[in-house]
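# The following comprises the amino acid sequence and a computationally predicted model.
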Amino acid sequence: MLKQIEGSHAVAETVALCRPEVICAYPISPQTHIVEACGELVKSGQLENCEFLNVESEFAALSVGIGSSAAGARTYTATASQGLLFMAEAVYNAAGLGLPIVMTLANRAIGAPINIWNDHTDAMAMRDSGWIQLFAETNQEAADLHVQAFKIAERLSCPVMVCMDGFILTHAYERVDIPDQATVDAFLPPFEPRQVMDPAKPYSIGAMVGPEAFTEVRYLAHEKQLQALEVIPEVAGEFQTVFGREAGGLIHEYRLEDAETIVVTMGSVAGTVKDVVDTMREAGVAIGVVSICSFRPFPSAALRRVLSGAQRILVLEKGFAVGFGGIVATNVRMALQGVDTHVHTVIAGLGGRSITQPSLHGLFASAIAGELEDLHFLDLNREMVERELARQRESITSGPIAENLIRDIARGGDAARA
Amino acid sequence: MFQIRLHGRGGQGVVTAAELLSIAAFIEGRHAQAFPSFGSERTGAPVVSYCRIDDREIRSREPIMEPDAVIVQDPTLFHALDVFSGLRSDGFALVNSTKSFAALGIEGVADQLPEGHIRGVGATELARLHVGRPVPNAALLGGFAAVTGQISIASVEQAISKKFAGKIAAGNIAAAQAAYQAAIGHAEEKVHA
Amino acid sequence: MSQIDEFTPEQKVKFYQKGTFTVGNRLVDPENRGVQASMDRSNAITSGHRACQGCGEALGARYAIDAAMRAANGKLMAVNATGCLEVFTTPYPETSWQIPWLHSLFGNAPAVATGVAAAMRAKGREDTRVVAQGGDGSTVDIGFGCLSGMFERNDDVLYICYDNEAYMNTGVQRSGATPPTARTATTMPLGDSPGNVFGTGKNLPLIAMAHRIPYVATAAVSDLHDLERKVTKAMEYRGARYIHIYVPCPLGWGTKSADTIHISRLVTRCGLFPLFEAEGGRVTASVPIRQQVPVEEYLKPQRRFAHLFKGDEYGRQSIARLQAMADENIRQFNLLREHEETLP
């Protein structure tokens, strides 16, 4: 049913339709509305046969999820940013134990300095944990990906995190088609665990594995992600058949035919990029955009196939490897090994800085004009940065960076681009 | 696409206003996107929210920098920030005040806009009268419907019923209706322009 | 017992424990016989595990879990924190657990157990009970937040802490349960205050009581019947329950592996480890001390307290302070009571 609804609520309602048996999450901006909505659905009785637990930390939340999933219950949680790091040990543990937990990650920056707004640093921090990471472009896709996530997770016995941009998607009201229970039931069968705690058939789960077998266990985790490269498009296809619309899969292609310049990005900014692409196409520029939906497993072959023909690639990402450069861009370059094309890394949107159409337009134009550096921070306030560097050169006791910059802004030194 | 930017202070329902606008547009079968500029919201702090309405899917997520309409829920903001920044030359403005634009210090803006595109609405007073609380958002949406014609007053009222219940809904609908009537000049309440 | 001469040397042993398969048990009324005396005991932790000789934890866990299994009619699932018990019962690729068992992390056993219990509730299978286990390190320190959360929510989990008073599995480092003056690898007997310092440490049983959970008890491996009884009683309740078991570690404490039960008896007799039960935050019962001993007698056989016996002022003062702690326990739990039956 079509609804004009807040992104978080769309996710909560859709997750509820997937018949989770245990929901356990700890509140953190900007995920709070999802958890609150889930709690209401359980407490009101709308979501039956489901236990909703309020716990004392994110570490506890995912740990509860590990217990419930190992005991055979379909399990859901949600977090963001600092919360994801607080449960980091459990994140790796869940993947290592092969538990098909589904988690919403309301993408948010990680401090210090503390910042509650959107970027992809949190997802990037856990990219090698063994979880599948899917990125939603719109709230419709966010809702749909959760339905697919349970199926993918349970088919592979592997946890899945559905990433949706914090605030930008979670707190946006837009039209979403919430599926009906019968259709979800047709698509998503009951959870059949690969291994489960059951007095009738006791297992010991979570033993130590020494040097004799650890490599093999880890290799099998790698294999699992490679299998996911097949399963994710399969499930997306099944979804389309049952629900009648496209969502998920490995990548989304937009206007790539004869594109000389291709932008590669992830998440909600893809929508803004598409509008700029349309404007530039109208002016005769051969430009297109690919948005990566499955970041882990990384769709190397699919990207190689669609990017090989382009003259230049612009990877627009909301995170970066400090002191080095892009993360997504580095993954893209690896996928393009041997292909003769130029890859630019553009870091944008950090800590919730808006990515505007005029900015993108200027950025793409400069790339096409050959004026863009290999590593570019979009809309960086150079003067503010230079002032702080000068302070640091002057004296060792230059003060805390974040506070210095905030003071700069307060003094009206340079208008902050927000 | 029609883009609306709403300004107010925390606690005045600025975010809800944008949501209501989007629901009203949805009711009319259109696409709409509403979102706040996310700050550490607290009562009294300046808050901005956005709403885009279109007949096709809205893909862009940037803040609205060139609005077709600006709704100002709190006139004390005029001193604090340039709420009309980027407002298109043929745009619309709704202001929660019955004072003259000159008294509000915005006659410059008013003069630039086409006749009938800027309107003051005594939204707080209407809210106090009909709802019993000084939350001006619903009344301003009634004025918006009248001034811009982007959405019908019926859709505004339906949106209010979807979001609120019982007396609150009824009161807000009455406030919106009153503002609408005043704005199209059918009511006794005089609106100073 | 006729024909003693026909017994093998191994059979000519004296049994003091009534919880064994032998003589003493046959004289006890059936309802007073321990779980371990039964041929039908579940052997939840079966033989083949890799515990040290004389490990108090292996003994305590075996008794506790079999008692819980009987109370649960065989439908019990265990969650284990990282630590000695987890390591010595699951030496890859073997396991000595015969019940469903899950090890996740060091600090999350209470939360994981909460999740298992929630799953059972969601599936309408609440007849399957959940026990969580951890050493003192995971209970008192790193898992404390999760434990307190589990208590606060009154989740239906029996949490058992096996307290050997240090992080033993990683090489005997100090924990929040290490007693004052004890030598550990991170509280060496050097300087002005050799060993662990006074004025630190958490009393988990009292903290558990402060959460007002349905049942809290302390137990020791010198009183195995009492331990079984307490586990059985705990299983009668629903909600959060906590049992804190004192388990000597010969390796970490520098005691003889044959002395494990003896040391445990000494700690209860000197008053440093009171045996008591509490319900809803109030003490309801305690096991009186029949033959009180001075703390010195308890400390002497343990090399971790050897530096208190150099004949110096520090040693004398420390022993006196420890005696004062024991006396306070005796007072608080009324452990020296006259004319009272001590058998159930």
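Here it is on my side, so go on. None of the values given here were measured: they were computed from a predicted structure.
# Need the residue closest to the centroid of chain A.
For chain A, the residue nearest the mean C-alpha position is A:Cys163 (3.0 Å; Cα atoms, centre = their mean).
# remind me which residues of the chain are low pLDDT?
In the absence of a named chain, this looks at chain A. Residue ranges of chain A with pLDDT under 70: A:413-418.
# look at chain C instead
Looking at chain C by pLDDT under 70, you get C:1-27, C:339-344.
# now do 50
C:1-2, C:13-19, C:23-24, C:344 (pLDDT under 50).
# Name the residues linked to the residue nearest the centre of it by a beta bridge.
Geometric centre of chain C, nearest residue: C:Ile245, 1.6 Å, by Cα atoms, centre = their mean. In this entry, C:Ile245 is beta-bridged to C:Tyr162, C:Ala219, by DSSP bridges.
# ok, C:Thr218 - contacts?
Counting by Cβ atoms under 8 Å, 6 or more residues apart in numbering or on different chains, C:Thr218 touches C:205, C:243-246, C:273-276. Every residue, glycine included, has its C-beta placed from N, CA and C.
# and B:Phe144, helix, strand or coil?
helix (DSSP: H, G, I helix; E, B strand; the rest coil).
# and what of A:His146?
Applying three-state DSSP: A:His146 is helix.
# before we move on, back to that, identify, from the contacts of C:Thr218, the entry nearest to A:Ala207.
The shortest approach to A:Ala207 among those belongs to C:Ile245, at 23.5 Å (Cβ to Cβ).
# My guess is the closest one contacts C:Gly60. True?
Yes. Counting by Cβ atoms under 8 Å, C:Gly60 is a contact partner of C:Ile245 at 4.6 Å.
# Next, show the common contact partners of these two.
Common neighbours of C:Ile245 and C:Gly60 (Cβ under 8 Å, 6+ apart) are C:162, C:219, C:221, C:227.
# can you count the residues close to the last one?
So the one you mean is C:Leu227. Neighbourhood size, C:Leu227 [other Cβ atoms under 10 Å in any protein chain shown]: 27.
# do you know how far it is from C:Ile245?
In this view, C:Leu227 and C:Ile245 are 7 Å apart by Cβ to Cβ, to the nearest Å.
# Could you pull out the residues contacting both of these two?
C:60, C:64, C:219-221.
# Stretch B:30-45 vs chain A: in contact?
Yes. Stretch B:30-45 reaches chain A (Cβ under 8 Å from any Cβ of the partner chain) through B:31-36, B:38, B:40.
# Let's have those in a markdown table, adding pLDDT.
Below are those laid out as a markdown table (pLDDT from 0 to 100):
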| residue | pLDDT |
| --- | --- |
| B:His31 | 98 |
| B:Ala32 | 98 |
| B:Gln33 | 98 |
| B:Ala34 | 98 |
| B:Phe35 | 96 |
| B:Pro36 | 92 |
| B:Phe38 | 72 |
| B:Ser40 | 62 |
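# Show me what counts as buried in the longest helix belonging to chain B.
In chain B, with assignment by DSSP state H, the single longest helix is helix B:166-183. For helix B:166-183, a neighbour-count test (16 or more other Cβ atoms under 10 Å in any protein chain shown) marks B:168-183 as buried.
# Identify, from those, the entry nearest to C:Asp141.
The closest of the buried residues of helix B:166-183, once distances to C:Asp141 are taken by Cβ to Cβ, is B:Ile168, at 50.8 Å.
# ok, the closest one - contacts?
Counted by Cβ under 8 Å, 6+ apart, B:Ile168 has contacts B:Val131.
# Chain C versus that one, what's the distance?
35 Å (Cβ to the nearest Cβ, to the nearest Å).
# Next: A:Pro100.
13 Å.
# Identify the residue spatially nearest to that residue, adjacent ones excluded.
With Cβ to Cβ, 6 or more residues apart in numbering or on different chains as the criterion, A:Pro100 has its nearest non-adjacent residue at 3.5 Å, and that residue is A:Ala153.
# For residue 116, grab the count of nearby residues.
This is for chain A. 20.
# not quite, I wanted chain C
33.
# by contact count, what packs against the host helix or strand of it?
Following DSSP states H and E, one finds C:Val116 within helix C:109-122. Counting by 3 or more Cβ pairs under 8 Å, 6 or more residues apart in numbering or on different chains; DSSP states H and E, the packing neighbours recorded for helix C:109-122 are strand A:22-25, strand A:51-54, helix A:58-70, strand C:76-80, strand C:129-135, helix C:144-153, strand C:158-163.
# Smallest gap between chain A and chain C, at which residue?
At 2.6 Å from chain C, A:Gly67 is the closest residue in chain A, using Cβ to the nearest Cβ.
# show me what contacts that residue?
C:79, C:102, C:104, C:111-119.
# Repeat the analysis, applying 10 Å as the threshold.
The contact partners of A:Gly67, by Cβ atoms under 10 Å, 6 or more residues apart in numbering or on different chains, come to A:22, A:24, A:73, A:75, A:99, A:197, C:77, C:79, C:102, C:104, C:108-119, C:130, C:132, C:157.
# can you check A:Lys151 too?
Counting by Cβ under 10 Å, 6+ apart, A:Lys151 has contacts A:18, A:100, A:102, A:160, A:187-189, A:231, A:234-236, A:238-239.
# Of those, which belong to helices?
A:187, A:231, A:234-236, A:238-239.
# Among those, the buried ones, what's the ChimeraX command?
A single ChimeraX command selects the buried members of these (16+ other Cβ under 10 Å):
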select /A:187,231,235,236,239
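# of all the ones in helices among the contacts of A:Lys151, which two lie farthest apart?
So, the ones in helices among the contacts of A:Lys151 by Cβ to Cβ: farthest apart are A:Phe187 and A:Val231, at 14.4 Å.
# Can I get the longest helix of chain B in PDB, CA atoms only?
In PDB, the C-alpha atoms belonging to helix B:166-183 read as follows (Å, rounded to 0.1, in the frame of the first residue of the first chain):
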ATOM      1  CA  GLY B 166      -9.800  14.000  17.800                       C
ATOM      2  CA  LYS B 167     -10.000  17.600  19.000                       C
ATOM      3  CA  ILE B 168      -6.500  18.400  18.000                       C
ATOM      4  CA  ALA B 169      -7.200  17.500  14.400                       C
ATOM      5  CA  ALA B 170     -10.500  19.400  14.500                       C
ATOM      6  CA  GLY B 171      -8.900  22.500  16.000                       C
ATOM      7  CA  ASN B 172      -6.100  22.500  13.500                       C
ATOM      8  CA  ILE B 173      -8.500  22.000  10.600                       C
ATOM      9  CA  ALA B 174     -10.500  24.900  11.800                       C
ATOM     10  CA  ALA B 175      -7.400  27.100  12.100                       C
ATOM     11  CA  ALA B 176      -6.300  26.100   8.600                       C
ATOM     12  CA  GLN B 177      -9.700  26.800   7.200                       C
ATOM     13  CA  ALA B 178      -9.900  30.200   8.900                       C
ATOM     14  CA  ALA B 179      -6.500  31.200   7.500                       C
ATOM     15  CA  TYR B 180      -7.500  30.000   4.100                       C
ATOM     16  CA  GLN B 181     -10.700  32.000   4.100                       C
ATOM     17  CA  ALA B 182      -8.900  35.000   5.400                       C
ATOM     18  CA  ALA B 183      -6.300  34.700   2.700                       C
END
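# And that helix, how far out from the chain middle?
13 Å (Cα atoms, centre = their mean, to the nearest Å).
# what's the answer for stretch C:134-148, then?
Using Cα atoms, centre = their mean, the offset of stretch C:134-148 from its chain centre is 14 Å.
# Would you map the strands across chain B?
Applying DSSP state E to chain B gives strands spanning B:2-9, B:31-36, B:46-54, B:69-72, B:92-95, B:118-120.
# Indicate which one of those is closest to chain C.
Taking the strands of chain B one by one with Cβ to the nearest Cβ, strand B:31-36 is closest: 32.5 Å.
# So which of the shared contacts of C:Leu227 and C:Ile245 is the closest to chain A?
After measuring the shared contacts of C:Leu227 and C:Ile245 against chain A - Cβ to the nearest Cβ - the closest member comes out as C:Ala64, at 17.3 Å.
# how many other residues sit next to the closest one?
Count around C:Ala64 with other Cβ under 10 Å applied: 29.
# what does A:Phe298 give?
With other Cβ under 10 Å as criterion, A:Phe298 counts 20.
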